[in-house]
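# here is a sequence with its predicted model. Questions after.
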Amino acid sequence: MTHIAVLGSTNMDLVVYVDKAPRRGETVTGREFRTIPGGKGANQAVAAARSGATVSIIGAVGNDGFGTRLRSTLEHSGVTTDHLRTVEGPSGTAHIVVDDEGGNAIVVIPGANGTVDHLVPGDEGLIASADALLLQLEIPLAAVLAGAQTARAHGVRTILTPAPVQDLPPELLDATDLLVPNEHEAATLTGLADPFAAGAALLDRVPRVVITLGAAGSLYLTRDAEPLAVPAPRVTAVDSTGAGDTFVGALAVALGEERPMREAMTWAAAAAALSVQREGASASMPYRSEIEARYPS
Ligand code: RIB
C-alpha cells in the first residue's frame, strides 16, 4: 500500500452558504452556516487516505474544541495523527462563503498552523518512510522548505500545492518533484494567463507540473514530453471547496501505485468531481470504492 506523509495545515472551516456572495459594503442573508473540518493539509491527507493509502499528517491543532474535532475527524478517515501536535491557543480557521454556483471565497486565520515553523524529532523518520510527501503553503515557509529538503535527502517524492499562492524560494522549487497549482496560482507565479505558457515557464523551475483547470480538467507538463490535457467529468458543483486538495490526494495515491500519468490524472479528476457534488471540504471527499465505481482501474 502507498504510504503518504502530509506536512500542512488543519483548519475548522466556518462556512456560510449564500445565493450570491456580498460585495464590499453589502449585507446579505445566507441560507445556512456549518462548521466543517478542512485545511489544505488535512484535506489532502483525508483525500489520500480515503483513496486507499496509509497516511500520516505532521502539523498542529490548538487546545480548543475545534482542535479536538479536527483530530478525531482525521482519525476517523484513517489518517495517523501521532505527529499532529496540540499547542496552546486556537486552531486554524477558514472563513468561507459558498455561492449558489458552488464557487467560494476564503479567509484563513492560521492559529495553531502558524506554530509549525520547523520539524521536530521524529518528523524526519516519518518523512523518510513515506513514498511521497504532500506540501502546501498554509504553514510557515521554513517548515515547508525543511520538509521538502528532508524528503529530497531521503529520495521521497515531493508534491507541492502552491496555495495560498506566494513567491516560492528557489531552494523549495529545487526540492519539488511535482508542482500542482491551479490555473490562477500558475498565472500568479509566472505572470502568464495561458496555462500552457505558464506551465512551460514553470518547467524552468521544477521538472513536472500539473495545472488544475476546474471543470476543464487538468494539464500535465514535463520537460521531456508533449503536454497532456485530461478532461474532468461533467458534473453540477454544489461546493468546490477542497476540490483541488481531493485531486492532489488522489493523484498522489495513483502515482504511488505507479499508474501512468494520464490514468492518475483521470482517477484524480473523478475523485474531485465526486467531491464538488457534496458540501464541505474533507466531508465531501470520496472513498476508493466510490472513485472505482466512477473510474474502474
Ligand atoms: O483548499 C480548501 C481549504 O482551504 C479549506 O478547507 C480551507 O480550510 C482553506 O484552507
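On my side now, so go ahead. Residues are numbered from 1 along each chain as shown.
# give me the number of residues near the residue in the stretch 151-297 of the chain that the ligand sits nearest to?
Among the residues of the stretch 151-297 of the chain, residue 281 lies nearest to the ligand; the distance is 3.5 Å by CB to the nearest ligand atom. Using the backbone N, CA and C atoms, a C-beta is placed for each residue, glycine as well. Residues lying near residue 281 (other CB atoms under 10 Å) number 30.
# excluding sequence neighbours, find me the nearest residue to it.
residue 242 (3.1 Å; CB to CB, 6 or more residues apart in numbering).
# picking that back up, so the residue of the stretch 151-297 of the chain closest to the ligand makes contact with residue 244?
No - judged on CB atoms under 8 Å, residue 281 makes no contact with residue 244 at a distance of 10.1 Å.
# does residue 59 belong to a helix, a strand or coil?
Assigned by DSSP: H, G, I helix; E, B strand; the rest coil, the conformation of residue 59 is strand.
# what residues are up against it?
6-10, 39, 41-42, 83-85, 112-113, 116, 139 (CB atoms under 8 Å, 6 or more residues apart in numbering).
# which strands or helices does the strand or helix carrying residue 201 pack on?
In this assignment (DSSP states H and E), residue 201 forms part of helix 195-202. The contact analysis (3 or more CB pairs under 8 Å, 6 or more residues apart in numbering; DSSP states H and E) places helix 195-202 against helix 183-190, strand 208-212, strand 218-222.
# I'd like those written out as JSON lines, with distance to residue 276 and mean pLDDT added.
Below are these laid out as JSON lines (distance: least, CB to CB, whole Å; pLDDT from 0 to 100):
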{"stretch": "helix 183-190", "distance to residue 276": "16", "mean pLDDT": "98"}
{"stretch": "strand 208-212", "distance to residue 276": "12", "mean pLDDT": "98"}
{"stretch": "strand 218-222", "distance to residue 276": "14", "mean pLDDT": "98"}
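# out of those, which is closest to residue 56?
strand 208-212 (23.2 Å; CB to CB).
# contact partners for residue 163?
By CB under 8 Å, 6+ apart, the contact list for residue 163 reads 40, 136-138, 181-182, 185, 244.
# of the residues you listed, which ones also sit close to the ligand?
Subset of these in contact with the ligand: 40, 138, 244, counting by CB under 6 Å from any ligand atom.
# which one (most neighbours) among these?
That'd be residue 40 among those, by other CB under 10 Å, with 29 neighbours.
# who touches it in this structure?
With CB under 8 Å, 6+ apart, residue 40 has these contacts: 8-9, 136-138, 161, 163, 245.
# biggest separation within these, which pair?
Taking CB to CB, no two of the contacts of residue 40 sit farther apart than 137 and 245, at 12.6 Å.
# what do those two both touch?
40, 161.
# quick one: which of the two has more around it?
Between residue 137 and residue 245, residue 245 has the larger neighbour count (other CB under 10 Å), namely 31 against 21.
# how near is that one to residue 6?
10 Å (CB to CB, to the nearest Å).
# residues that sit against both of the two, list them.
By CB under 8 Å, 6+ apart, the residues touching both residue 245 and residue 6 are residue 44.
# quick check: phi and psi at residue 268.
Phi and psi for residue 268, reported as degrees, to the nearest 10, are phi -70, psi -40.
# and the most centrally placed residue in the chain, helix, strand or coil?
Centroid check for the chain by CA atoms, centre = their mean gives residue 245 as the closest residue, at 3.0 Å. With three-state DSSP as the basis, residue 245 sits in helix.
# so what's it closest to, chain neighbours aside?
residue 43 (3.5 Å).
# check the one you found and give its pLDDT.
Here, the pLDDT recorded for residue 43 equals 98.
# with residue 69 instead?
pLDDT at residue 69 comes out at 98.
# wait, is residue 16 part of a strand?
Yes - Residue 16: assigned to a strand according to three-state DSSP.
# so what's the backbone phi/psi at the closest residue to it other than its chain neighbours?
Leaving aside its sequence neighbours, residue 16 sits nearest to residue 30 (CB to CB, 6+ apart; 4.4 Å). Main-chain torsions, residue 30, degrees, to the nearest 10: phi -90, psi 170.
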